[in-house]
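Colleague: Kindly generate the corresponding structure for this input.
(one chain, ligands or ions: 1)
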Amino acid sequence: MREEKPILELEDVSWRYEDRSHPALNGIHLRVRRGEVVGVTGPSGAGKTTLLLALSGLIPSNYEGEFSGTRLAEGEIGIVFQDPETQFIGLTVEEEIAFPLENRGYRDEDIDRIIPRVLERVRLSGFERRSPFDLSGGEKQRVAIASALAVSPPILILDEPTSELDPLGAREVFALLQQLKLEREMTIIVSSHATEELAQFCDRMILLGNGAITVDAPAGEFFAMTELLEASGIYVPDLISFHHGLRRQESVPVTPPLSVEEAVRWYRSLRAKEGSGV
Ligand SMILES: Nc1ncnc2c1ncn2[C@@H]1O[C@H](COP(=O)(O)OP(=O)(O)OP(=O)(O)O)[C@@H](O)[C@H]1O
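Modeller: Residues are numbered from 1 along each chain as shown. The predicted structure is shown next:
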């Protein structure tokens with residue numbers, strides 16, 4: 001069977017920031033298929049932001065340094081950074097969303113049609129005239145996502161979109177991403193330390209260490225590597241640690257549950273087996 005053409009690809013990419021002696025990315029091979037949702041995690045300084053900048057093409061075009069390798073991207077990429085305020089240029093939420101559309105020469109009547117649709121999608125209808133700077137952290141992040149979505153890019157890249165948010169704000173952002181994943185089959189690449197959310201949301205997980213990919217696996221397999229993740233300084237969600245603790249029992253499946261719903265199903269089936277004497 002022929003492998004599907006990737007929508008985004010880095011082939012042997014290395015990058016060193018101009019004033020640094022060591023490369024921030026070292027021989028990266030990464031192929032992302034259309035509709036895949038990829039989580040990127042790793043300790044601080046591992047190169048997550050740099051990897052996303054290279055995937056989006058901002059490295060090498062907007063940064064000074066040494067680049068080698070090749071990059072391929074099929075279609076436009078919407079980018080959302082860690083601190084949305086650094087991205088804001090509009091005085092109102094409406095202007096913030098209109099800006100990328102005006103930049104690409106959309107007609108006024110199309111812009112007027114798109115703005116309410118995009119705001120509805122991120123559940124910010126009625127926020128048109130508000131200043132993007134006077135919103136809660138979660139709302140700001142949703143404005144940044146709305147602005148990235150305005151031109152309907154097939155690929156969305158988010159760099160630590162919940163690092164400045166409280167747990168509810170973080171859940172809100174991941175719930176929105178989940179909705180985009182299901183409704184629009186977008187290709188999403190998201191870096192985060194929030195492994196609990198990544199486990200529930202991502203199809204595939206990448207672990208970065210010292211600018212190299214050390215693990216690239218389906219989310220279930222990735223989170224089954226509990227010891228390796230802990231040794232790499234990654235927070236293993238409690239649910240997965242709990243499963244790991246039980247795994248010594250033969251009847252417990254190797255792949256951990258990635259969400260509370262999955263854990264409940266799994267626990268019920270375990271109880272049923274025990275009841276039937278298996
Ligand atoms: N603009 C820059 N100029 C020079 N060096 C940089 C720059 N940005 C990042 N670096 C260096 O590149 C390496 C990777 O940084 P990067 O920000 O990609 O890591 P990260 O995994 O995203 O970290 P964190 O989790 O703390 O955000 C680090 O050693 C960092 O100091």
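Colleague: quick one: low-confidence parts of the stretch 151-278 of the chain?
Modeller: 248-251, 274-278 (pLDDT under 70).
Colleague: And the helices in it?
Modeller: Counting by DSSP state H, counting those that start in this stretch, one finds helices in the stretch 151-278 of the chain at the ranges 167-184, 195-201, 219-224, 226-231, 238-246, 260-275.
Colleague: which one of the ones you listed lies closest to the ligand?
Modeller: For the ligand, the closest of those is helix 195-201, at 12.8 Å, according to C-beta to the nearest ligand atom. For every residue, glycine as well, the C-beta is placed using N, CA and C.
Colleague: ok, and what's touching the closest one?
Modeller: Residues outside helix 195-201 that contact it (C-beta atoms under 8 Å, 6 or more residues apart in numbering): 37, 39, 41, 162, 170-171, 174, 177-178, 181, 190, 192, 205, 219, 223, 229, 234-240, 258-259.
Colleague: And Ile79, which helix or strand is it part of?
Modeller: Element membership for Ile79, per DSSP states H and E: strand 77-80.
Colleague: What helices and strands are in contact with that strand?
Modeller: Judged by 3 or more C-beta pairs under 8 Å, 6 or more residues apart in numbering; DSSP states H and E, the packing partners of strand 77-80 are helix 48-56, helix 137-149, strand 155-159.
Colleague: and with 7 Å instead?
Modeller: helix 137-149, strand 155-159 (3 or more C-beta pairs under 7 Å, 6 or more residues apart in numbering; DSSP states H and E).
Colleague: and the helix or strand following that strand, how far from the chain's centre?
Modeller: Next helix or strand after strand 77-80 toward the C-terminus (DSSP H and E): helix 93-103. Its chain's C-alpha centre and that of helix 93-103 lie 23 Å apart, by C-alpha atoms, centre = their mean, to the nearest Å.
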